[in-house]
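Peer 1: What follows is a predicted structure for the sequence shown.
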Amino acid sequence: MPAEIPSPPDRVALVTGASTGIGRVTALELSRQGWQVVLACRSRERTLPVIEEMRRVNPRAEGHWLPLELGDFASVRECGRLFLERGTPLHLLVNNAGLAGARGLTPSGFECMFGVNHMGHFLLTQLLLDRLKASAPARIVTVASRAHRRTDGIDFDAARRPTATFTGVREYGTSKLANILFSAALARRLQGSGVTTYALHPGVIDSDIWRGLPAPLRALNRLRLSTVEEGARTTLHCALAPEAGAQSGLYYSDCRVTEPTPLARDDGLAEELWRRSEAWTA
């Protein structure tokens, strides 16, 4: 795990998808270090055991559940409203939740993985941005993937249609490319605000993100996966490491700054994605 940084008792983090996988490990480590953690997840039943686990790790831990279905803009807006009504600061937003191998459309009308992995997090971040600025120094960490290398661009028309491929690999890669572009574009907009942004590849992890894959493919995939504890290392580095605080808008792998593809560094594509995402969430 990364070196600890001094954390007064009022340090607050919100982690999406914290009921399982990398999100769970991230929430537990933040709790161990004294953070108050809000777990934004779909299922209360699956989240409450994690909150109990947090309390075993740190008896003084504060953990709170907020309902969040990232594919449904109404749910995202309600999650944002409920958090803001709490009146607490927000020093860390971890856009962790994700979906791979799923098919279809989200309730808000986007290709399933693009809608959950990018659009839901785009909207949630916008809703919480003023609170993050007011709480600065603050960080926004978005879990992307090296799978962004498996796409040759973003078909914005396809983003509004059901998943076209059988495995969803291309669509998943597109959603992860969007994560990296979003983080970089957000960093440009936040210059001088005290809020820094990070995108990262966690490794190929044995987590619930693969729940949408057909069973035979999921079993084959598991043969080459790393643990969620290994996967959370880079998330926690971006969230906590002092040296990362001086950087913004970069892409990390194995706790180090890494070059993504040229497409993921295309400022023009990032701005087009931002413009469309902003219009779609309006």
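Peer 2: Sure thing, it's come through.
Peer 1: With only the CA atoms kept, save the strand or helix carrying Glu272 in CSV.
Peer 2: Using DSSP states H and E, Glu272 sits within helix 267-281. Taking Å, rounded to 0.1, in the frame of the first residue of the first chain, the C-alpha atoms of helix 267-281 are listed here in CSV:
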residue,chain,number,x,y,z
ASP,A,267,-7.1,16.8,-26.9
GLY,A,268,-9.5,17.3,-29.8
LEU,A,269,-11.2,14.0,-29.2
ALA,A,270,-11.3,14.7,-25.4
GLU,A,271,-13.1,18.0,-26.0
GLU,A,272,-15.6,16.4,-28.4
LEU,A,273,-16.3,13.8,-25.8
TRP,A,274,-16.7,16.5,-23.2
ARG,A,275,-19.1,18.5,-25.4
ARG,A,276,-21.3,15.6,-26.2
SER,A,277,-21.3,14.2,-22.6
GLU,A,278,-22.3,17.6,-21.3
ALA,A,279,-25.1,17.9,-23.8
TRP,A,280,-26.3,14.3,-23.1
THR,A,281,-26.4,14.9,-19.3
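Peer 1: Against which helices or strands is that helix packed?
Peer 2: Here helix 267-281 touches helix 121-134, helix 169-189, going by 3 or more Cβ pairs under 8 Å, 6 or more residues apart in numbering; DSSP states H and E. (Glycine included, C-beta is placed from N, CA and C.)
Peer 1: Among those helices, show me which one is buried the most.
Peer 2: When the helices and strands packed on helix 267-281 are scored by mean count of other Cβ atoms under 10 Å, the highest mean neighbour count falls to helix 169-189 (a mean of 24).
Peer 1: tilt between it and helix 267-281?
Peer 2: 100 degrees (axes from the mean of the first three to the mean of the last three Cα atoms, to 10 degrees).
Peer 1: mind listing the strands in the stretch 101-250 of the chain by residue range?
Peer 2: 138-143, 195-201, 250-253 (DSSP state E, counting those that start in this stretch).
Peer 1: what residue ranges in this protein score low on pLDDT?
Peer 2: Within the chain, the stretches with pLDDT under 70 are 1-9, 204-226.
Peer 1: Dump the helices and strands packed on helix 267-281 to JSON lines, plus distance to Phe110.
Peer 2: Converted to JSON lines, those look like this (distance: least, Cβ to Cβ, whole Å):
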{"stretch": "helix 121-134", "distance to Phe110": "11"}
{"stretch": "helix 169-189", "distance to Phe110": "10"}
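Peer 1: out of these, which comes closest to Thr281?
Peer 2: Evaluated over the helices and strands packed on helix 267-281, closeness to Thr281 peaks at helix 121-134, with 4.6 Å, by Cβ to Cβ.
Peer 1: Contacts for that closest one, please.
Peer 2: With contact meaning Cβ atoms under 8 Å, 6 or more residues apart in numbering, helix 121-134 is reached by 14, 16, 40, 68, 70, 73, 76-77, 79-81, 83-84, 89-91, 93, 95, 97, 138, 140, 142, 179, 182, 186, 190, 193-195, 277-278, 281.
Peer 1: Thank you kindly, that will do.
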